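In: Here you go, sequence then predicted model.
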Amino acid sequence: MISVLMFFACLYPVFLWVGLGLTGGLTANPPEYLIRSSGEWALVALCVVLLATPLSRYARISVLLKHRRMLGLFAYFYSILHLLGWAFWEQGFGLEAMWLDVVTRWFITVGVVAFVLLTPLALTSTYGWMRRLGRNWKRLHYGIYPAIGLSIWHFWLVRAGKNDFFEVWIYLAVVFLLCLPRIIQLRHHK
Amino acid sequence: GISYGQRNPEFGADEKLTPEEDVTTYNNFYEFGTGKEDPARYGGDMRLQPWKVKVDGEVLRPQEFDLDDLLKLAALEERVYRMRCVEGWSMVIPWNGYPLSALLKAVEPTGNAKYVEFITDMQPDAMPGLRSRIIDWPYLEGLRLDEAMNPLTLLVFGVYGKALPVANGAPVRVAIPWKYGFKSGKSIVHIRLTEKQPETSWVRIAPHEYGFYANVNPDVPHPRWSQATERRIGSGGLFAPRLPTQMFNGYGEQVASLYSGMDLSRYY
């Protein structure tokens, strides 16, 4: 039951977009709105994944931890939508134009690398892969940290032209706060 | 009320207009915030009366014009221009105004006048965006004098046959259809003719991304995106393909000669 609720909660952005679409709320430039919104929701979902462990450990609320796989897969889902939005609305699915964008533009390169890093995490999210990979599964899934770092860097580069970093700083602060207990713990283990 | 003039059929007669709602609610006007909806949302407190425009610098007859006098300086007409934003989107807009050259001739530029600078108003209590330091306010734009005198360069008082809304640069702005939209200064209070090239706002912020000329050019990419295509706002819904961007936004016949012999990848 909780997992069904969780599933629909994770679909909130999709419901939001459909609702805005039906009421003419996607701005005068819906493609750009949807590209940006999907990117931001991917980042939000990654932050929620990072929240799972500290919430369980310090607040004894384990609902996120229990459904962390679903949250992670939704983060990947919104990343795919973000990537598809760029590929379709910016590049018209032109492979040459897409490749040129990836190799000549830093912010695209950084975003694509973040997406590539998340891909093996999504693919190995099943119990079967957890069993097969054993201890290496956890090592592999530390990949979420560089992926989030690159996502925020990508966001920063997007905003660099307008010198408008307010939201970037907020995400950076949130991620830093979520990582703080982990950093402290790492030092205790030494 | 004022009549904003008849449609001049020489300009854009075959174009499909961008809906008025999109033209007036999707704007870059950072004085009200960096969001596209911010100008329409937060523009309500702006003081538009009285409005004076000072024209000075390298001119024989420096003057301060009341808006009403400015409106009477030449016959208003409506022209449909394409507007290409440097961000990769475009609109087709019916502007109401007259060529800027009429105003410039009235103040008689001296032989030293080579450039024209446009200075946007600052109203701190009505413009929440002024609190951010993205731009070193006020917003400054500029043209070479021959660009400013080109018959295409329009001094604009209205859009869609009505007085300009704040979001579109009320009560007076310029429209320079062969250049990226940011070149067209809004809510102008001061026009200065100078001998030296003015230091314009976006060139100051990011000279490697935005040049003084900023002519629409599909062959010179922005460092962060291609300029080869554009998304026409308000046409065809989610699956409309992007349009190829035209050199000088399709106004090459009227303006290409201004740049003969210039390397446009260097003077972007």
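Out: All right, it came through fine. Numbers count the residues shown, from 1 in each chain, chains lettered A, B, ... in the order given.
In: What residue in chain A comes nearest to chain B?
Out: A:Ala28 (3.5 Å; C-beta to the nearest C-beta). C-beta coordinates here come from the backbone N, C-alpha and C atoms, glycine included.
In: A:Ala9 versus that residue, what's the distance?
Out: Distance, A:Ala28 to A:Ala9, by C-beta to C-beta, to the nearest Å: 30 Å.
In: Between the two, which is the more surrounded one?
Out: More crowded of A:Ala28 and A:Ala9, by other C-beta atoms under 10 Å in any protein chain shown: A:Ala28, with 22 against 14.
In: host element of the more buried one?
Out: Assigned by DSSP states H and E, A:Ala28 belongs to neither a helix nor a strand.
In: Which residues are in contact with it?
Out: Contacts for A:Ala28 (C-beta atoms under 8 Å, 6 or more residues apart in numbering or on different chains) come out as B:Glu21, B:Asp22, B:Thr25, B:Tyr26, B:Lys36, B:Ile233, B:Gly234.
In: now swap in B:Gly129 and tell me
Out: If you count contacts by C-beta under 8 Å, 6+ apart, then B:Gly129 has B:Phe29, B:Tyr30, B:Glu31, B:Phe32, B:Gly33, B:Thr34, B:Asp38, B:Tyr42 around it.
In: Three-state assignment for it, please.
Out: What DSSP: H, G, I helix; E, B strand; the rest coil gives for B:Gly129 is helix.
In: For it, give me the pLDDT.
Out: In this prediction, B:Gly129 carries a pLDDT score of 96.
In: try B:Gly236
Out: pLDDT for B:Gly236: 73.
In: I'd like to know how many residues surround it.
Out: Neighbourhood size, B:Gly236 [other C-beta under 10 Å]: 10.
In: next one: the one 3 residues further on
Out: Here the count is done by other C-beta under 10 Å, and B:Phe239 has 8 residues near it.
In: how close does it sit to chain A?
Out: From B:Phe239 across to chain A, the span is 9 Å (C-beta to the nearest C-beta, to the nearest Å).
In: so when I look at B:Pro198, I'm seeing a helix, right?
Out: No: assigned with three-state DSSP, B:Pro198 falls outside any helix and is coil.
In: Neighbouring strands - and their directions - for the longest strand belonging to chain B?
Out: Ranked by residue count and defined by DSSP state E, the top strand of chain B is strand B:89-99. If you go by DSSP bridges, strand B:89-99 pairs up with strand B:77-84 (antiparallel), strand B:154-159 (antiparallel), strand B:229-232 (parallel).
In: roughly how far out does the longest one sit from the chain middle?
Out: Here the centre of strand B:77-84 is set off from its chain's centre by 11 Å, with C-alpha atoms, centre = their mean, to the nearest Å.
In: what does the last one give?
Out: Strand B:229-232 sits 19 Å away from the centroid of its parent chain (C-alpha atoms, centre = their mean).
In: Would you mark the buried spots in the helix or strand containing A:Leu157?
Out: Using DSSP H and E, A:Leu157 sits within helix A:144-160. Buried residues in helix A:144-160, defined by neighbour count with 16 or more other C-beta atoms under 10 Å in any protein chain shown: A:144, A:147-160.
In: quick one on the thing from earlier: in a markdown table: the strands paired with strand B:89-99, plus mean pLDDT and mean neighbour count.
Out: Shown next, in a markdown table, are the strands paired with strand B:89-99 (pLDDT from 0 to 100; neighbours: other C-beta atoms under 10 Å in any protein chain shown):
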| stretch | mean pLDDT | mean neighbour count |
| --- | --- | --- |
| strand B:77-84 | 98 | 22 |
| strand B:154-159 | 98 | 25 |
| strand B:229-232 | 96 | 20 |
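In: tell me which parts of chain B are close to chain A?
Out: With the criterion set to C-beta under 8 Å from any C-beta of the partner chain, chain B comes near chain A through B:21-22, B:25-26, B:34, B:36-37, B:89, B:132, B:134, B:205-206, B:209, B:223-226, B:229, B:231, B:233-234, B:237-238, B:241-242.
In: Next step: these restricted to helices.
Out: If you go by DSSP state H, these have B:Glu21, B:Asp22, B:Thr25, B:Ile205 in helices.
In: quick one: which of those residues is nearest to B:Ala13?
Out: For those, the residue nearest B:Ala13 by C-beta to C-beta is B:Asp22; the value is 20.5 Å.
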